[in-house]
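>>> Here is the input, now give the coordinates:
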Amino acid sequence: MKPADAKPPHMDHDTFRSLGHQAIDWIADYWQRLAERPVAPPVEPGSIRAQLPTAPPECGEDFPVLLSDLERIVLPGLLHWQHPRFFGYFPANASGPAVLAELLSAGLGIQGMNWNTSPACTEIEQQMLDWFVHLLGLPEHLRGGGVIQDTASSALLVALLTALHQASAGRTRDHGTGECGYRVYLTAETHSAARKAAVITGLGLRAMCEVATDADGAMDAVDLERHLRADRAAGLTPLMVVATRGTTSHLSFDPLEDIGPVCRRHGVWLHVDAAYAGVAAVCDELRWVNDGVRYADSYCTNPHKWLLTNFDCDLLWVAHPEVLVSALSVLPEYLRNSASESGRVTDYRHWQVPLGRRFRALKLWSVLHWYGAEGLRAHIRTGVRHAQLFADLVGADDRFTLVTPPALGLVTFRQTGTDEENRNLLQAINTEGTTFLTHSEKNGTFFLRFAAGGTLTEDHHVREAWRAVQNAIPRAQHLAGGSADALAE
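Residues are numbered from 1 along each chain as shown. Modelled structure (predicted):
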């Protein structure tokens, strides 16, 4: 028999309400004090796991114990992506409205795989995607063809599966790809998700055809045409061109106005990946990021990068959704229902790889409710301004050079000197802890990346980041001299 004061098996409503307030307070306090923390954790591999018990608890513990463990174990072991001086990779925005909506979605606990399993989940998502056609200035024919994926990687995979289905007249549904000789065209700057999608679909890396780029890293449409003609002459089947509007390394923009007509002439699916840059088109002066999208068979962008909507939330549009549905539709008896059979509803399970799906549209709607279009534009413009501020600081120091002109929220730069000196500089910056940057290479030359756009970032954080770069120079020189301990002092 349980003791009289034993906890009930489930958290009651009053307890949930009380502890929920504590959790929200904890998040608010975390954000408020985040600038005081080091951005990157000074931890060794395995050190976090070593602090956890070797066996799970036999009896339940109170929720405040978890909050205590968060403070003691988890926070010291995090790279703080919401830190106002986190300038690595690309932004991974979180915001109050998005987080609250994520909580509401979790509390609702619905499963939105079919229209009938939660009609509002589907119809709100449809409306959000149509709203964004307007907000981003996308071609009107994409209305009704939008769906939320988790990431741009999944969007690319779905697009590739759809292109395979179309090119094979449906044969790949029953027989797979086999020794089919399909080809996928990309550049050295294309995101690695394209190669991974080829592996997942069974095409394999052998299907990849790398197209030449110009001096800025943008796809060469003339070289693309050459490859397409040569592959057809060799009996291969051109399947998809993956074009990028804003590559990860240094924001190259593949010229869709040149690539699109080539794809049309050859009947090749054109997928446009604008994961980072696409959302910038909420600003009229930045609509150029989506120039040429009218040629796209599929297009995606990520509000979870730079549009105040926490991870994960990718927006994918396809020009012909009926082909996507035909490619991915599998209908067991237990999912049959009258609404689906009426043909009047959208069942989004046919638009993605997994069956189940979360109510991601709720957080997108919450962000739009709170900020409105003007608030989103202001956030993008602040990121662009912060990048220009940092670029101006780099340009005023003759010890540094800009690798490429600042583009949107990204600045690429390096210290005058060798690649090794720049590697040491990056390590010194990140080890010091007040600022976090990442790196890439262009034409074999190592450089540092400063990606603005954080939700909490203000002008003074940008200037502090530049001071951290300057102050890291002598520490990097110590590292070059073999004094690794100097970086930890």
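>>> Could you use CA atoms for every contact and neighbour count after this?
OK.
>>> Buried ones in stretch 270-290, by neighbour count?
270-283, 286-287, 289-290 (16 or more other CA atoms under 10 Å).
>>> Also stretch 125-143?
Residues of stretch 125-143 classed as buried by neighbour count (16+ other CA under 10 Å): 125-130, 132-133, 135-139, 142-143.
>>> The lowest-mean-pLDDT helix or strand in the chain: what's the following helix or strand?
The helix or strand of the chain with the poorest confidence is helix 171-175; it has a mean of 74 (mean pLDDT, DSSP states H and E). Beyond helix 171-175 on the C-terminal side, the first helix or strand identified by DSSP states H and E is strand 182-186.
>>> Residues contacting that next one, please?
203, 207-211, 219, 224, 236-243 (CA atoms under 8 Å, 6 or more residues apart in numbering).
>>> again, only this time at 7 Å
Strand 182-186 is contacted from outside by 207-211, 236-243, using CA atoms under 7 Å, 6 or more residues apart in numbering.
>>> again with stretch 400-410
Defining contact as CA under 7 Å, 6+ apart, one finds that stretch 400-410 is touched by 251, 383-384, 387-388, 391, 394-395, 412-416, 449-453.
>>> and this protein, what are its domains?
32-78, 110-358, 372-487 (automatic domain parsing).
>>> need these in TSV with distance to residue 86, can you?
Formatted as TSV, these follow (distance: least, CA to CA, whole Å):
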stretch	distance to residue 86
domain 32-78	7
domain 110-358	13
domain 372-487	5
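>>> among the ones you listed, which is nearest residue 21?
domain 32-78 (11.7 Å; CA to CA).
>>> The stretch 201-350 of the chain: strands as residue ranges?
208-210, 237-244, 269-273, 298-301, 314-318 (DSSP state E, counting those that start in this stretch).
>>> Let me know which of those is tucked in deepest.
Greatest average neighbour count among those goes to strand 298-301 (a mean of 29), per mean count of other CA atoms under 10 Å.
>>> how close does the closest residue to residue 188 other than its chain neighbours get to residue 219?
Of all residues not flanking residue 188 in the chain, residue 210 sits nearest, at 6.6 Å (CA to CA, 6 or more residues apart in numbering). Residue 210 is 10 Å from residue 219, where distance means CA to CA, to the nearest Å.
>>> Give the intersection of the neighbour lists for those two.
residue 187.
>>> Tell me where the stretch 351-489 of the chain has helices.
Along the stretch 351-489 of the chain, counting by DSSP state H, counting those that start in this stretch, helices occupy 361-395, 419-432, 459-480.
>>> Those helices: which one's closest to residue 36?
Nearest to residue 36, of these and by CA to CA, is helix 459-480 at 11.8 Å.
>>> avg pLDDT for the closest one?
The average pLDDT within helix 459-480 is 92.
>>> returning to what we had before: right, and the pair among the contacts of strand 182-186 with maximum separation?
236 and 243 (20.3 Å).
>>> hang on, the earlier thing: got the contact list for the residue nearest to residue 188?
Residue 210 makes contact with 185-188 under the criterion CA under 7 Å, 6+ apart.
>>> repeat for residue 419
The contact partners of residue 419, taken as CA under 7 Å, 6+ apart, are 445-446.
>>> among the contacts of residue 210, which ones are buried?
Among the contacts of residue 210, those scoring as buried are 185-187 (criterion: 16+ other CA under 10 Å).
>>> which one of those residues sits closest to residue 34?
Nearest member of these to residue 34, counting by CA to CA, is residue 187, at 38.5 Å.
>>> gap between residue 184 and residue 315?
22 Å.
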